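# got a structure for you, letters missing:
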């Protein structure tokens, strides 16, 4: 490596550095004084729940079809990491009974803040979709099965472009009102930036308590962690992510998709926020699934650590 | 995590003890941000392939066309240690100097400095300190603490941040710095330059991704993103490598 400065050869081994500061969840990464814990950033929640969407959202958007036994092994590995919520699979038909019969203990319904996206993605208008979801969610509630509501295109639509915060609020309120316990606001094409995230959340939080809101940021334009930080600063404490950043963006060929769980945990650990998740084990699960789908990880933390 | 760049005497090294102090409000942003483009120096320096002089010159010219106000052009160091920068004199001679754009050069030692800079500037001292997260391990909380401490000694208007994206934290860290009042950010077109300390890891924050965020925040940079993307595509082709910019990846037509 002709360009490598000679000083590099004498520096601390990278793995040693990582072990000292990063793997232990309770110490703050990169703290200047290792004996002193960095005071928590004011205004941030104490605990952040990570919703791992890799096995569903992630794999759904990967080209390589993954055999069932690999999926099961993958999910089992994720279950060992401390992640409290793992989105397991998807029953795309509108008839939800088979899901529950098959053992599902929670269901999700997917709405959109864009009419065009709703029509193209689920073949019906927003209003029609809400009516269908209402049936599903109410029946699920009746059976004691909680329902999570998703709102796609919360910060922009691949067909309509700009989406108003008011529209996102309207759809979110509808889903919350029909009984969804949590509303995950999705930046489906990753076009959002901290400013648009803030404006959208300000609007939604007028109608829905922050405790019932999650953010689902895509990293298509590299904005995901900055947008998530903004959401955390506003009091949101549930974040969706996918191990290894699985799943490209179906709307922009070659673009990246979900934010990588490893990179998210790294940031949350550094902020001193409790997640209950073991970063190293998540990285192992990520390494496993990347080998299985024959692709390189989209996680920068994984890239920095596994090659060192 | 915070390493003041001692390699650049033009940027002042002045830091006393570090005390974590809480600042007042978080959430307001500067109206304008100056982007310091370090791709041609920091970026190329950490790329394996040596880039011919005409390619370096063309890259810098394209970046000038894109409107970047500051472009770190080259480094006056011994070619024995940094072969990529061996052509520093030709590069400086060959580039077009756009009016209103600064082209600073890295001068790690007095010898290099005397070669590159007039005496007059030396007596004025350094106008800016760029705080570099060299191995990219920082996270927003640590950035905030570090800046709070530094801002006790140096006015925020004289501070810049230089975040590496080794752990994917660069943009979030930069956002935190902006919230603290920093209005100068270093970045590298296409995210050029890997991290020499962790093989396979990424290095600099990609200028395209930074500009995308700042534009979304309504912060003025004077940079034309389209032209910047063209410059990034050009140098990636010359280096035979893929871009590290997500914006470039998303807008790339395959």
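In hand now; what should we look at? Given the structure is predicted, the values throughout are model-derived calculations rather than measurements.
# so where's chain B uncertain?
Applying pLDDT under 70 to chain B picks out residues B:1-27, B:108-125, B:194, B:197-200, B:252-254.
# Where is the longest helix in it?
Assignment by DSSP state H gives helix B:225-239 as the longest helix of chain B.
# And that helix, what does it pack against?
Counting by 3 or more CB pairs under 8 Å, 6 or more residues apart in numbering or on different chains; DSSP states H and E, the packing neighbours recorded for helix B:225-239 are helix B:53-65, helix B:207-216, helix B:246-251. C-betas here are computed from N, CA, C, even on glycine.
# With respect to burial, which of these scores highest?
helix B:207-216 (a mean of 26; mean count of other CB atoms under 10 Å in any protein chain shown).
# and the residue lying closest to residue B:95 once chain neighbours are set aside, how far is that from chain A?
Nearest non-adjacent residue to residue B:95, counting by CB to CB, 6 or more residues apart in numbering or on different chains: residue B:60, 4.7 Å away. The gap separating residue B:60 from chain A is 19 Å, by CB to the nearest CB, to the nearest Å.
# From residue A:77, how far out is residue B:60?
Distance of residue B:60 to residue A:77, given as CB to CB, to the nearest Å: 47 Å.
# Now do stretch A:185-200: distance from first to last residue.
9 Å (CA to CA, to the nearest Å).
# May I see the buried residues of it?
A:185-198, A:200 (16 or more other CB atoms under 10 Å in any protein chain shown).
# So which of these sit within strands?
A:185-187 (DSSP state E).
# Stretch A:59-67 and chain B, any residue contact?
No. Counting by CB under 8 Å from any CB of the partner chain, chain B is not contacted by stretch A:59-67; separation bottoms out at 13.6 Å.
# Buried residues of that stretch, list them for me.
The neighbour-count criterion (16+ other CB under 10 Å) identifies A:59, A:62 as the buried residues of stretch A:59-67.
# So which residues on the stretch 151-300 of chain A come close to chain B?
Residues of the stretch 151-300 of chain A lying near chain B by CB under 8 Å from any CB: A:190, A:192-196, A:219-223, A:225-226, A:228-230, A:233, A:249, A:252-256, A:260, A:263, A:266-267, A:269-272, A:299-300.
# Kindly recompute the last result at 6 Å.
A:193-195, A:220-223, A:225-226, A:229, A:252-256, A:263, A:266-267, A:270-271, A:300 (CB under 6 Å from any CB of the partner chain).
# Quick one, which of those are buried?
For those, buried by 16+ other CB under 10 Å: A:193-195, A:220-223, A:225-226, A:229, A:252, A:255-256, A:263, A:266-267, A:270-271, A:300.
# And the closest residue to residue A:152 other than its chain neighbours, how far from residue A:239?
In space, and not counting its chain neighbours, residue A:152 is closest to residue A:112: 4.2 Å by CB to CB, 6+ apart. Computed as CB to CB, the residue A:112 to residue A:239 distance reads 20 Å.
# In helices only, show me the residues of the stretch 151-300 of chain A next to chain B.
A:194-195, A:225-226, A:229, A:263, A:266-267, A:270, A:300.
# Next, format those residues as JSON lines and append pLDDT.
Listed next are these as JSON lines, based on pLDDT from 0 to 100:
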{"residue": "A:194", "pLDDT": "97"}
{"residue": "A:195", "pLDDT": "95"}
{"residue": "A:225", "pLDDT": "98"}
{"residue": "A:226", "pLDDT": "98"}
{"residue": "A:229", "pLDDT": "97"}
{"residue": "A:263", "pLDDT": "96"}
{"residue": "A:266", "pLDDT": "95"}
{"residue": "A:267", "pLDDT": "96"}
{"residue": "A:270", "pLDDT": "93"}
{"residue": "A:300", "pLDDT": "94"}
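# which one among these gets closest to chain B?
Nearest to chain B, judged by CB to the nearest CB, of these is residue A:270 at 2.5 Å.
# so residue A:239 is in which element?
Assigned by DSSP states H and E, residue A:239 belongs to strand A:238-241.
# partners of that strand, with directions?
strand A:49-52 (parallel), strand A:213-217 (parallel) (DSSP bridges).
# chain center to the shortest one: distance?
Which is strand A:49-52. Centroid separation for strand A:49-52 versus its chain: 7 Å, with CA atoms, centre = their mean, to the nearest Å.
# could you give the mean pLDDT of that strand?
Mean per-residue pLDDT for strand A:49-52: 88.
# same thing with the longest one?
When pLDDT is averaged along strand A:213-217, the result is 95.
# what comes up buried for it?
A:213-217.
# With the first one instead?
Applying a neighbour-count criterion of 16+ other CB under 10 Å, one finds A:49-52 buried in strand A:49-52.
# okay, and for the stretch 1-150 of chain A, where does confidence drop off?
In the stretch 1-150 of chain A, residues with pLDDT under 70: A:1-43, A:90-102.
# at 80 what do you get?
Scanning the stretch 1-150 of chain A for pLDDT under 80 picks out A:1-46, A:60-65, A:89-104.
# any chance you could map the strands in it?
Remark: strands assigned in the stretch 1-150 of chain A by DSSP state E, counting those that start in this stretch are A:49-52, A:85-86, A:107-112, A:147-152.
# just those: most buried one?
strand A:147-152 (a mean of 24).
# List the pairing partners of that one within its sheet, with orientation.
By DSSP bridges, strand A:147-152 pairs with strand A:107-112 (parallel), strand A:182-187 (parallel).
# Going by neighbour count, which residues of the helix or strand just after that strand are buried?
Moving toward the C-terminus from strand A:147-152, the next helix or strand (DSSP H and E) is helix A:165-177. For helix A:165-177, burial by neighbour count (16+ other CB under 10 Å) applies to A:165, A:167-172, A:174-176.
# Same question for stretch A:289-299.
Quick answer for stretch A:289-299 (16+ other CB under 10 Å): A:289-290, A:292-293, A:297-299.
# Quick check: residue B:161 vs residue A:158, distance?
33 Å.
# These two - which one has more neighbours?
Between residue B:161 and residue A:158, residue B:161 has the larger neighbour count (other CB atoms under 10 Å in any protein chain shown), namely 29 against 17.
# Endpoints of stretch B:212-228, how far apart?
Distance across stretch B:212-228, first residue to last, is 11 Å (CA to CA).
# Just the buried residues of that stretch, please?
So, applying 16+ other CB under 10 Å, buried residues of stretch B:212-228: B:212-214, B:216-217, B:219, B:221, B:223, B:225, B:227-228.
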